[in-house]
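In: got a sequence here, can you build the structure:
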Amino acid sequence: MPRGYIGFVGRATYAYRTKYLFDVNVGYNGSENFAPGSGRYGLFPSVSAGWVLTAEKFMEKQHVVDYLKVRVSYGKVGSDVGSQTRFMYKPGSWSTGNSYSFGVDNPNSLEGYIYGTPGNTAVTWETAKKQNYGIDAKFLNNHLSVNFDYFFEHRTGILITPNSVPSIIATSLPNMNIGIVDNKGYELSIGWDDTFKDFHYYANANMSFARNKIIYKDEVKHNYGYQDETGGTTGRNSGLYKYVRLYQESDFVTNAAGEKILNPKLPQPYVTVSPGDCMFADLNNDGIVDTNDQAIFGYSNRPEYTFGLNAGFDYKGFSFSMQWTGATHVDKLLQTDYIIPFTNAGGRGLLKHLYEGCWTPENTEGIYPRPAKATETWNFGSGNNPSSTLWLQDSSYLRLKSLNIGYTFKGKPLLKKVGVNALTITFSGYNLLTFSPLKLADPESVTSNSGGYPLSKLYSFGLNLNF
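Out: Residues are numbered from 1 along each chain as shown. Okay, the predicted model is just below:
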């Protein structure tokens, strides 16, 4: 079904002698996701102002700064997208199915009526109040340019489903305006452009940083603070065990019955383990490794820092340009195909890193768990693969995104004889180099469950004739 939106927008700008700048925007929007009435429509205004200081008389006699502008803006925006994005105010529909068994240990499912997600007539726009403060400057006869922005966002009424309501109500809960997240960061770019006789060169570098903080998300209070998402950043990996190392033969002793058991002096996992299995940390120091020892670790799969560089030069017909990109403070949690060999009824293969790096009695230095039968409780096929920091990979990277080289032959006697004014030969390459601690997948990808098609390196050669 087509989505239903309605909106009115308006904008007014004013500039006085190109040094005092003002801009006002306003939007009034309505969405099908909210009930008719006051909650369906939202008013979203914004205002910005700029001051070009170098246009002032007191800056005329100085020769250090060629251009200087300061900017400030404030605005409010809205979102109507939650975990359930259509008609959030309407009640769910009844459906039927063989989905309920009456009694205890009754294998026979009977047809029953199931109530869908109830509606929430009070739900309305998720809003974010944004602030931005910036400086634009040029120095040294406009050869050096600097741009800096600092931003802050306070997002409230985030459309999420509550987590603190008991699951005994036996139905999904609707979206509610209950989440609060703050986000702040900065962006910096520096550029240089100059010409020395016939040699023209340039370089533009940029970096950005953004980090958010969950102020409120209606999560159930956990027994231990290291399990709480509130106060941390969004997108981090929760429910992870902290990987310590692999169990070795020396970690096991023989008891009075002649059975080989895990040394009682070590924290005891809630399942039986063998040499070559994963050892996880006992975070709450109760001597048992169980779900109370699951915690939140690492960064999200969205980098906090990103970098970029564009640089090149031209000299007497020869041209060169390149683009580098990079990111850090980003993690990727490998799952499924990357960590479970020969599972899914044999539908998965055995990846090379699991085969060469697994623990065996002959290879006790292996970094991955032992191979084991799928029927074992805690094994390479299932039990050794609960989400843990063993599979949490640093996805920082530095990549040569593109490279272009060209040369133009112009005015050559041989070319003139065949009627050619200019001949240009070019070479272009994409994704030529990548430096990253993550070797098993593309560090820029968002895939964590299964391996996508590998990123391709592209090479192209070009020939351009001008007659």
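
In: okay, stretch 66-77 in PDB with CA atoms only?
Out: Extracted in PDB, the C-alpha atoms of stretch 66-77 (Å, rounded to 0.1, in the frame of the first residue of the first chain):
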ATOM      1  CA  ASP A  66      41.900  35.800   3.900                       C
ATOM      2  CA  TYR A  67      38.500  34.600   4.800                       C
ATOM      3  CA  LEU A  68      36.800  33.900   8.200                       C
ATOM      4  CA  LYS A  69      33.200  32.900   8.800                       C
ATOM      5  CA  VAL A  70      31.500  31.700  11.900                       C
ATOM      6  CA  ARG A  71      28.200  29.700  11.800                       C
ATOM      7  CA  VAL A  72      25.600  28.600  14.300                       C
ATOM      8  CA  SER A  73      22.400  26.700  13.800                       C
ATOM      9  CA  TYR A  74      19.700  25.100  15.800                       C
ATOM     10  CA  GLY A  75      16.800  23.000  14.600                       C
ATOM     11  CA  LYS A  76      14.200  20.300  15.400                       C
ATOM     12  CA  VAL A  77      13.500  17.300  13.200                       C
END
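
In: what about the stretch 101-250 of the chain, any weak spots by pLDDT?
Out: 112-115, 166-171 (pLDDT under 70).

In: what sits against the residue nearest in space to the middle of the chain?
Out: In the chain, the C-alpha nearest the mean C-alpha coordinate belongs to Arg302, at 1.9 Å (CA atoms, centre = their mean). The neighbours of Arg302, taking CB atoms under 8 Å, 6 or more residues apart in numbering as the test, are Gly235, Val330. No exception for glycine: its C-beta is placed from N, CA and C like everyone else's.

In: quick check: it vs Gln335, distance?
Out: Distance from Arg302 to Gln335, counting by CB to CB, to the nearest Å: 17 Å.

In: can you pull out the helices in the stretch 301-450 of the chain?
Out: Listed in chain order, the helices of the stretch 301-450 of the chain (DSSP state H, counting those that start in this stretch) span 352-357, 413-417.

In: which one of the ones you listed lies closest to Asn142?
Out: helix 413-417 (37.0 Å; CB to CB).

In: tell me how far the ends of stretch 13-20 are from each other?
Out: By CA to CA, to the nearest Å, the extent of stretch 13-20 from end to end equals 11 Å.

In: hmm, who's touching it?
Out: With CB under 8 Å, 6+ apart as the test, stretch 13-20 has contacts from Leu21, Phe22, Asp23, Val24, Ala49, Gly50, Trp51, Val52, Leu53, Ala55, Glu56.

In: got a ChimeraX select line for the buried ones in these?
Out: To isolate the buried ones among those in ChimeraX, judged by 16 or more other CB atoms under 10 Å, type:
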select :21,50,52,55
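
In: following the longest strand seen in the chain, which helix or strand comes up?
Out: Using DSSP state E to define each element, the chain has its longest strand at strand 176-196. Where DSSP states H and E defines the elements, the next helix or strand beyond strand 176-196 is strand 199-216.

In: show me what the closest residue to Tyr407 other than its chain neighbours is bridged to.
Out: Nearest-residue entry for Tyr407: Phe318, 5.1 Å, with adjacent residues in sequence omitted and distances by CB to CB, 6 or more residues apart in numbering. Beta-bridge partners of Phe318, counted by DSSP bridges, are Tyr315, Tyr407.

In: what's the neighbour count on Phe318?
Out: 12 (other CB atoms under 10 Å).

In: show me what contacts it?
Out: Gly406, Tyr407, Thr408.

In: before we move on, the earlier item: tell me which of the helices of the stretch 301-450 of the chain is the most buried.
Out: helix 352-357 (a mean of 13; mean count of other CB atoms under 10 Å).
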